[in-house]
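**Student:** Here is a sequence with its predicted model. Questions after.
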Amino acid sequence: MRCSALLLLLAAACGSAPEATPPPPPVVPADASPSPPPTTREQLAARLVALALEGRAHDILSSLVAAAPKRLSGSPGAADAVAWAERTMREIGLQSVTLQKVMVPHWVRGDTERLSVLDPARPYDVPVCALGGSVGTPPEGITAEVVMVRSFEELRALGAAARGKIVLFNRPMNRALHNTFRAYGEAVPQRTAGAVEAAKVGAIAALVRSMTTRIDDVPHAGAMSYEEGTPRIPAAAVSTRGADAIAAKIASGAKVRVRLRLSCETLPDVESANVIGEIPGRTVPDEVVVIGGHLDAWDQGEGAHDDGAGCAHGLEAARLILAAGLQPRRTIRVVLFMNEENGLRGATAYAAEHVGRQVAALESDAGGHEPRGFSTSATGARLGRLRDLLAPLQSFGMGTLTQGHGGADIGPLGGQGTELFGLSVSTHRYFDYHHSANDVLAAVNERELAMGAAALAYLAAVLADLDAPES
Ligand SMILES: [Zn+2]
């Protein structure tokens with residue numbers, strides 16, 4: 001039975017007229033009254049975890065992907081995401097909610113992206129998607145033979161043999177590496193710089209094996225760039241199964257000819273915004289602990305893991321701090337950055353306008369999987385002290401602290417002396433979804449997502465009080 005029919009029946013039974021469909025419930029239930037604050041860090045961790053597991057992280061994420069399922073920078077969906085973030089911050093009870101205006105790139109995919117393998121016996125299409133920032137092809141497409149390489153060195157060794165061809169960069173992510181972000185880091189220059197390198201040897205288009213360890217038919221998007229003085233050639237990602245099929249044919253000694261059609265283009269920049277809200281500090285409000293994620297997302301799926309999870313993490317972490325009755329000494333500021341995926345304009349603008357007040361910045365941009373702990377820019381004796389502070393998270397499997405990357409959006413703050421922390425999560429499944437149509441709400445586990453918010457809330461609360469005056 002359809003819901004509207006059910007409502008009519010219920011209304012008839014009650015003798016009242018049916019009402020319009022009610023708006024979705026606020027992300028903060030009315031009964032979220034604070035309890036007495038915990039007195040030890042162990043109690044704090046346990047309280048935050050318990051609150052998170054009965055909390056709202058998944059509701060917040062659901063609300064975001066419902067309000068703005070497509071939110072690539074410059075798109076109408078990105079504007080919807082900004083409005084959603086402002087509204088949600090107010091619902092949660094954050095103060096000083098502001099939009100920091102920023103101009104962002106506006107690249108559009110268009111409605112044509114097609115790679116046809118011109119097999120004389122049986123022509124067929126391979127799943128592709130344009131890489132972000134790519135120029136399009138002429139309407140009739142670009143038709144040429146494919147040459148395949150696994151590295152830029154191999155490409156340069158081909159030299160003149162690549163002239164007038166379409167280059168397929170087909171080095172897979174290294175499956176032997178435990179941390180898939182390391183495998184991604186090793187393989188992704190093919191995507192970001194492949195078009196430039198291919199153009200330098202006279203190629204006329206670039207195809208890149210999708211950045212995933214999964215073998216399937218789903219292409220994965222992502223940013224690429226051009227450089228001054230090198231021809232701008234179209235670039236697209238090919239599904240892993242499609243890349244394997246082309247590679248097998250080339251390995252058999254056959255010449256593979258393809259036709260690539262892309263209708264993507266770059267339009268003039270658009271005004272957008274970072275969305276910022278705070279829990280004001282009780283004793284040193286001018287000192288700030290930032291919790292960040294990014295609002296924009298690639299346009300293939302819903303950006304549920306990347307970085308809807310990070311947005312839900314930051315907002316829910318702030319809500320948990322309030323729900324636990326904490327009154328942090330320093331200000332805790334949630335920053336939902338715009339344009340992480342293809343420009344970092346939001347991160348750059350934030351760091352430029354908020355100089356010198358951030359003592360620490362935490363970022364979640366590795367998806368909503370089960371948290372393990374944090375990576376940090378801290379070194380030496382400070383690392384040891386931070387590990388002690390995180391010890392209460394160990395019984396929940398999320399107390400590790402490693403020296404390393406904080407995050408792309410908080411990165412510019414590192415140069416100002418801000419201590420950086422990136423939420424570390426299990427990475428095995430992240431690249432199954434990353435930048436693809438697979439990245440949808442159903443791919444996010446409610447409890448794993450909630451635990452990430454608890455980890456961020458704990459660390460933010462501890463750092464907001466650490467060595468700060470009590471009154
Ligand atoms: Zn991201």
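**Tutor:** Happy to help now that I have it. Residues are numbered from 1 along each chain as shown.
**Student:** tell me which element residue 457 is part of?
**Tutor:** In this structure, residue 457 is located in helix 446-465 according to DSSP states H and E.
**Student:** Each with direction, which strands does the host helix or strand of residue 237 pair with?
**Tutor:** Per DSSP H and E, residue 237 falls inside strand 235-238. Using DSSP bridges, the strands paired with strand 235-238 are strand 128-130 (antiparallel), strand 205-209 (parallel).
**Student:** Contacts for the longest one, please.
**Tutor:** Looking back up the chat, that one is strand 205-209. 115, 128, 131, 137, 142, 144, 146, 166-172, 187, 190-191, 194-195, 198-199, 233-238, 240, 243, 260 (CB atoms under 8 Å, 6 or more residues apart in numbering). Any C-beta I mention is one placed from the backbone N, CA and C, and that applies to glycine too.
**Student:** got it, and stretch 433-450?
**Tutor:** For stretch 433-450, using CB under 8 Å, 6+ apart, the contacting residues are 52-53, 55, 57-58, 61-62, 65, 184, 210-212, 218-222, 297-298, 300-306, 308-309, 312-313, 316, 367-371, 425, 432.
**Student:** Tell me which of those fall in strands.
**Tutor:** 371, 425 (DSSP state E).
**Student:** If any of the contacts of stretch 433-450 are buried, put those into a PyMOL selection.
**Tutor:** Here is the PyMOL command that picks out the buried ones among the contacts of stretch 433-450, judged by 16 or more other CB atoms under 10 Å:
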select buried, resi 52+55+57+58+61+62+65+184+210+211+212+218+219+220+221+222+297+298+300+301+302+303+304+305+306+308+309+312+313+316+367+368+369+370+371+425+432
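**Student:** quick one: contacts of the helix or strand containing residue 85?
**Tutor:** Taking DSSP H and E as the criterion, residue 85 maps to helix 76-92. For helix 76-92, the external contacting residues (CB under 8 Å, 6+ apart) are 26-28, 60, 63-64, 67-72, 97, 99, 104, 272-273, 275, 277, 295-296, 299, 311, 315, 318-319, 322, 334, 336, 338.
**Student:** got it, and stretch 44-57?
**Tutor:** With contacts defined as CB under 8 Å, 6+ apart, stretch 44-57 is touched by 27-29, 35, 38, 312-313, 316, 319-321, 323-324, 326, 392-393, 395-396, 446-447, 449-454, 457-458, 461-462.
**Student:** So which residues of the stretch 351-471 of the chain form helices?
**Tutor:** Assigned helices in the stretch 351-471 of the chain, in chain order: 380-390, 411-414, 430-433, 446-465 (criterion: DSSP state H, counting those that start in this stretch).
**Student:** Nearest approach to the ion belongs to which of those?
**Tutor:** Counting by CB to the ion, the ion lies closest to helix 430-433 out of the helices of the stretch 351-471 of the chain; the figure is 10.0 Å.
**Student:** distance between the closest one and the chain's centre?
**Tutor:** Centre-to-centre, helix 430-433 and its host chain are 11 Å apart (CA atoms, centre = their mean, to the nearest Å).
**Student:** need the residues of the protein near the ion, please.
**Tutor:** Proximity of the chain to the ion, by CB under 5 Å from the ion, involves residues 306-307, 365.
**Student:** would you list those residues in CSV and tack on distance to residue 109 and pLDDT?
**Tutor:** Below are the residues of the chain next to the ion laid out as CSV (distance: CB to CB, whole Å; pLDDT from 0 to 100):
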residue, distance to residue 109, pLDDT
306, 17, 98
307, 19, 98
365, 22, 98
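**Student:** how about CSV for those residues, with distance to residue 469 added?
**Tutor:** Formatted as CSV, the residues of the chain next to the ion follow (distance: CB to CB, whole Å):
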residue, distance to residue 469
306, 39
307, 35
365, 32
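**Student:** Just name the most buried of the strands paired with strand 235-238.
**Tutor:** Highest mean neighbour count of the strands paired with strand 235-238: strand 205-209, a mean of 28 (counted as mean count of other CB atoms under 10 Å).
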